[in-house]
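Asks: Here is a sequence together with a model predicted from it:
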Amino acid sequence: MQMAAASVSWDDEDRYLDNLSLVSFLVAEGKLDGRLATDKCAQYLAKRTARLDVDRLSLKLGALQQKSVAIREKRQALASTNYRTFTKTSECVTAMQAQLADMSSARTPKLSNSLPLLAGGLNTFVECGGTFLSRSKEKGKVLSNLQTLLELLEIPQLMDTCIRSQAFAEALQLDAFARAQYARHPCTILEQIVGEVTQLEKVLQQNLEQCLCVQQSLLASVKTVGLLKQLAVYDKHELAVTFLTCKNNGIQSALSAIVEISAFSYLSKVIEVFRSFVLDCVTQYRVLFSPETPASPNSNANADTDQDDVGLLLHSWVTFQVTFLSETMLTQLQRISELPLLSTLADQCMYAAGVSLSHVGLDLRGLLLPIFTQRILAVFTGSVNAAVTAFAQDLPKYSIPPMVTTGTAPDTSGTAPPAEIARYLPMAMFANKLLTILNLLRCVAPPTLKRQLAAPLEAVLSAGVAAVVRRCDAAAADSIADADALADFVQVFATAFVPHICRCFDLVFQSPYPLLSPLQLAAPLTAAAPPRTVAAKEAN
């Protein structure tokens, strides 16, 4: 082996033998213990002998054999010295093995039955441990952000405080902040906060709509509608409907707060509420919901559609309010029978429906004027009918005084009543009532109503003439003086009373031509008047 190894010249690259082959060779030659034929031993030998030649390896091998003999002798001496200890150790190990065998044979069934339960418990513990671990991480995260979390928990309370103090813009900022935090860090606590904020949004919406129900400036309405837009609850059409609904609720609330002392005071306040609310609503609506300038020509059609919808909503709302006002006036005016009160209400209504609302393009005088004219006509008709009824009832009971000769004809050219009328009490009272009614009519009657008012007055004068004719027919001329007094009464009624009333009616309307014919009205008295005596004719 040495000669074969000496004849071979190794290079640096061929000095490394296969480690396991070398160890196997040494074991086969009996130079190495077989228990050392392992990879670790081969690596150790390769590391120690990689750079040694054959001669040095042979020397090393001899030294190793000597060391092996010395180690074997030491081991034998140790064994002989501690023989009893080794024996006891062997007996102890044998006894322990026997005990373990007995224990395993006795407890193996119990362990077999308990191991599945133990495995299930361990699996459950692992699952719960994962849950506990995640919860622990969440709690740790909560504790690390405790101050921020406390501030977030105060958001619903702060928002409620802002709503109560009408700081609506700040409430919306808190709402947006809470939602942004939830979108960034979705968790259960923030979800609960967002739920509370959502409930407060409804309260905020109700408060904003309540603000629209009351009268407020244009700037305040713009701010309120802007906040409603930020809530993103309504689109543009729904927001316009909500705005008009709130204004209608405001009108109804204001009307319900009016104390109805009398029909005149109630109607006066209703007209003022209608004027102020409608004027504010139309002005604010046109500013808030006016169609925006289209961004491109393709959007012109949509813009026209939106403009039509906005205009139709406002038109429908105004139509509803005007209808309500008309119905209210028709109902309440029936309770007013004084022409001065009607005159005051007509002036107020014409100002509210014409002068004031005309600034926003609403002139309602043409719609409301017929309501007043109908009521004026009805009141005038009722008043003059009551006057002629009283005259017809008093005349048969009245004893006509003897004739007083004045020597002059009655003066019917002026505005003052003829003095002859004052001699006869029923005639004077009848004249006073009619003149009082005409004086009241002068302040309220529109010129377009003169033909309609002339008809009931003509009927009343005809009824008065008919009452005088009946008195003449029923009078029993017991004496000449009575016949002459009745003839004088008829003459004053026909030549003074009727022409004066007709002239005053013409003066009420400043008519250039007579509206009533006194001669035609008094014609029946000419045939019904009793004949005068010769003395009476000579006196006249």
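Replies: Thanks, I have the structure now. These numbers were taken from a predicted model, which means no experiment stands behind them.

Asks: Please report phi then psi for residue 206.
Replies: phi -60, psi -40 (degrees, to the nearest 10).

Asks: what do you get for residue 234?
Replies: phi -120, psi 150.

Asks: Which residue is the nearest non-sequential neighbour of it?
Replies: With CB to CB, 6 or more residues apart in numbering as the criterion, residue 234 has its nearest non-adjacent residue at 5.9 Å, and that residue is residue 242. All C-beta atoms are positioned from the backbone trio N, CA, C, and that covers glycine.

Asks: what about residue 182, how many neighbours?
Replies: Counted by other CB atoms under 10 Å, the residues lying close to residue 182 total 19.

Asks: now it, nearest residue through space, not along the chain?
Replies: residue 190 (4.2 Å).

Asks: Help me confirm that that neighbour comes into contact with residue 181.
Replies: Yes - Residue 190 lies in contact with residue 181 (CB atoms under 8 Å); the separation is 5.9 Å.

Asks: Now do the shared contacts for the two.
Replies: Residues touching both residue 190 and residue 181 by CB atoms under 8 Å, 6 or more residues apart in numbering: residue 152.

Asks: Looking at the two, which has the bigger crowd around it?
Replies: The neighbour comparison of residue 190 against residue 181 (other CB under 10 Å) goes to residue 190, with 20 against 17.

Asks: before we move on, the earlier item: ok, the residue nearest to residue 234 - contacts?
Replies: So residue 242 contacts 209, 212, 228, 234 (CB under 8 Å, 6+ apart).

Asks: circling back: could you measure from the residue nearest to residue 182 over to residue 196?
Replies: 11 Å (CB to CB, to the nearest Å).

Asks: what's the average pLDDT for stretch 336-345?
Replies: Stretch 336-345 carries an average pLDDT of 85.

Asks: How far off centre is that stretch?
Replies: Here stretch 336-345 is found 40 Å from its chain centre; the criterion is CA atoms, centre = their mean, to the nearest Å.

Asks: Send over it as CSV, restricted to the C-alpha atoms.
Replies: Provided in CSV are the C-alpha atoms of stretch 336-345 (Å, rounded to 0.1, in the frame of the first residue of the first chain):
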residue,chain,number,x,y,z
ILE,A,336,-119.2,91.3,7.1
SER,A,337,-122.2,93.5,6.3
GLU,A,338,-120.5,96.9,6.8
LEU,A,339,-119.5,98.7,3.6
PRO,A,340,-116.6,100.7,5.3
LEU,A,341,-115.1,97.4,6.5
LEU,A,342,-115.4,96.0,3.0
SER,A,343,-113.8,99.1,1.6
THR,A,344,-110.8,98.8,4.0
LEU,A,345,-110.4,95.1,3.2
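
Asks: Now it: buried residues?
Replies: For stretch 336-345, burial by neighbour count (16 or more other CB atoms under 10 Å) applies to 336, 339, 341-345.

Asks: Any figure for the gap between residue 209 and residue 233?
Replies: Applying CB to CB to residue 209 and residue 233 gives a distance of 10 Å.

Asks: what residues do these two have in common as contacts?
Replies: Joint contacts of residue 209 and residue 233 (CB under 8 Å, 6+ apart) do not exist.

Asks: In space, not sequence, find me the middle residue of this protein.
Replies: residue 209 (3.7 Å; CA atoms, centre = their mean).

Asks: what secondary structure does it sit in?
Replies: At residue 209, secondary structure determined by DSSP: H, G, I helix; E, B strand; the rest coil is helix.

Asks: right, and it touches residue 244 too?
Replies: No - using CB under 8 Å as the test, residue 209 is too far from residue 244 to be in contact (11.7 Å).
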